[in-house]
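Peer 1: could you look at this predicted model? Sequence included:
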Amino acid sequence: MIKKINLLFIGFICFAIENVFAKNIMTVVGNTDHIVVLRLVIVYLIFLAIYGERNFAIGVAFVLGLAFDIINLEIIGIYMAILPAIVYLATKFMRYLPEYMATVSTVCFFSIVLLEFIIFISFRLMGIVQMDLMTFVEKRLVYTMVLNFVTILISSYPFAKISSKWAFSEF
Amino acid sequence: MQNFFLNKRLLIVLVSAIFIVVLVGYTLRDRLGLSWPEMFVRDTVGLVQSSVNGTYESFTGYFDRMSDLKNTYKENEVLKSRLEEYVKVQTEKYELEKKVKELEKIVGIKDTLKDYDVTYGTVIGRSADLWYENIIINKGKSSGVKPNMAVMTADGLVGKIKTVTQFTSTVQLLTSNDQSNRVSAEIQDQTSIFGFIQGYDSESKCLLFKCNELTMDIKKGSHVISSGKGGVFPPGLPIGSVKKTTIDSYGLNRIAYIEPFANFYDINQVVIVERFAAQVDVDPSREGDL
């Protein structure tokens, strides 16, 4: 039980890092109109779902998504729905692949691409952004994926260790 | 058909999909305020965000100060040479202020539109998804912040307060895509030209100023300030300078591209401006959007 709370707590730490990054580092990276988004939470959630327990990971995804919606978007229901759905899809997809660190990381990478696209399309439909698809790919997706590639490289090993160690222990 | 409704998993997915669509639809429309659970979450997280940002800024501030140190000598020279000028301006300002006060007394003006009060705030959060829409600052109801107050940086107007909680508030930026987000403004020339700042052109990075004035010449580089005639913002807040003008596609409006003074990409410290003069009852078609 305590271990589960720890896992949730780590999720919130990832969430906090993501938020601090969004506000501060982005302006340091380049004072242009490129947008670089760190997606640490989804990486953590997918590793938790695959190396740990799937349903617990979906629950954490729901809670973190709700928190993200309330704090950053003021529109409830976007990340709250998308994060659990992507975690679920990733685990379904992993059934057909061997469970190596490299394959999980690849699935993670494509999940982030999927997440970015879904977010872009839903915001576009709601009329919040009016970027067209090419600008989105040029100004946001490419840089975001480069950053997240590095993030996955760095964080995959600790996330996998933590998930497999804590998710199944009784206490 | 019987089988379809008995499939439990499918039913759960369908019901939750409908629930989420309703939830998004409900929260997407212009809400007057946040519900109390939202406020609670935002306030709690806001406190953490403030402290984290404080530590981060003191850390990076250290390096900034180091690089500042290098330029100090040069700056000092320049500033010294301008000191004499400053004294002159200061005395002049003092005299003028006195004169204005005396004249106001004679005429009997008690308050003008121009009176306003300021509160200082720090940006504690900005979502990458809504980078050009919203920022979150660390002042809320407890500091007297109310919706629709104007928000500036040291350089110029950046937006207005959208929602408030006890200790934080969300600022809607001028670059936001919201059609109802407009500010009544004037171009300062020999004669003022009045109009609205409405919309943002992300390609040229300019705010769009719309007015009915078709014949008058709008000079490049003229300054644009808030006019105060929209009933929400105080007048005289600097917004930007004119870059170019065009006529809209119907030939009815003049559109001036305004290069904003404030840097919308990097906002850290803000000033929240409260207008003293009575606010007009705002209907949705006017300045602000509440």
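Peer 2: Looks like it came in fine. Quantities reported herein were computed from a predicted structural model and do not represent experimental measurements.
Peer 1: now the helices for chain A?
Peer 2: A:2-20, A:26-29, A:40-51, A:54-68, A:78-94, A:101-125, A:133-136, A:142-166 (DSSP state H).
Peer 1: ranking the ones you listed by burial, who's on top?
Peer 2: Among these, helix A:40-51 has the highest mean neighbour count (mean count of other C-beta atoms under 10 Å in any protein chain shown), at a mean of 26. Heads up, the C-betas are built off the backbone N, CA and C, glycines and all.
Peer 1: dump that one to CSV, keeping only the CA atoms.
Peer 2: Extracted in CSV, the C-alpha atoms of helix A:40-51 (Å, rounded to 0.1, in the frame of the first residue of the first chain):
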residue,chain,number,x,y,z
LEU,A,40,7.7,13.0,-18.6
VAL,A,41,4.4,11.9,-17.1
ILE,A,42,3.3,9.7,-20.0
VAL,A,43,6.7,8.1,-20.1
TYR,A,44,6.4,7.2,-16.5
LEU,A,45,2.9,6.0,-16.8
ILE,A,46,3.7,3.7,-19.7
PHE,A,47,6.6,2.2,-17.9
LEU,A,48,4.5,1.8,-14.8
ALA,A,49,1.8,0.0,-16.8
ILE,A,50,4.1,-2.4,-18.6
TYR,A,51,6.6,-3.2,-15.8
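Peer 1: that helix vs chain B: in contact?
Peer 2: No. With C-beta under 8 Å from any C-beta of the partner chain as the criterion, chain B is not reached by helix A:40-51; the gap is at least 12.3 Å.
Peer 1: distance to B:Leu157 and mean pLDDT for the helices of chain A - can I get that in JSON lines?
Peer 2: Below are the helices of chain A laid out as JSON lines (distance: least, C-beta to C-beta, whole Å; pLDDT from 0 to 100):
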{"stretch": "helix A:2-20", "distance to B:Leu157": "26", "mean pLDDT": "84"}
{"stretch": "helix A:26-29", "distance to B:Leu157": "20", "mean pLDDT": "58"}
{"stretch": "helix A:40-51", "distance to B:Leu157": "34", "mean pLDDT": "91"}
{"stretch": "helix A:54-68", "distance to B:Leu157": "29", "mean pLDDT": "91"}
{"stretch": "helix A:78-94", "distance to B:Leu157": "29", "mean pLDDT": "91"}
{"stretch": "helix A:101-125", "distance to B:Leu157": "25", "mean pLDDT": "91"}
{"stretch": "helix A:133-136", "distance to B:Leu157": "26", "mean pLDDT": "86"}
{"stretch": "helix A:142-166", "distance to B:Leu157": "30", "mean pLDDT": "87"}
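Peer 1: now the ones you listed in TSV, with distance to B:Glu97?
Peer 2: Compiled in TSV, the helices of chain A are given as follows (distance: least, C-beta to C-beta, whole Å):
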stretch	distance to B:Glu97
helix A:2-20	44
helix A:26-29	38
helix A:40-51	54
helix A:54-68	50
helix A:78-94	52
helix A:101-125	49
helix A:133-136	50
helix A:142-166	51
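Peer 1: which one of those lies nearest to B:Ile18?
Peer 2: Nearest to B:Ile18, of all these, is helix A:78-94, at 11.4 Å by C-beta to C-beta.
Peer 1: centre of the chain to the closest one, how far?
Peer 2: 10 Å (C-alpha atoms, centre = their mean, to the nearest Å).
Peer 1: repeat for stretch B:119-138
Peer 2: 11 Å.
Peer 1: which residues touch the residue most central in space within chain A?
Peer 2: Centroid-nearest residue in chain A, with C-alpha atoms, centre = their mean: A:Ile42, separated by 1.8 Å. By C-beta atoms under 8 Å, 6 or more residues apart in numbering or on different chains, A:Ile42 lies in contact with A:83, A:86-87, A:108, A:111-112, A:115.
Peer 1: list just the nearest of these to B:Asn181.
Peer 2: A:Leu115 (28.0 Å).
Peer 1: tell me the spacing between that closest one and A:Leu89.
Peer 2: 10 Å (C-beta to C-beta, to the nearest Å).
Peer 1: and A:Ile35, by the same measure?
Peer 2: 25 Å.
Peer 1: likewise A:Pro98?
Peer 2: Counting by C-beta to C-beta - A:Pro98 and A:Leu89 are separated by 18 Å.
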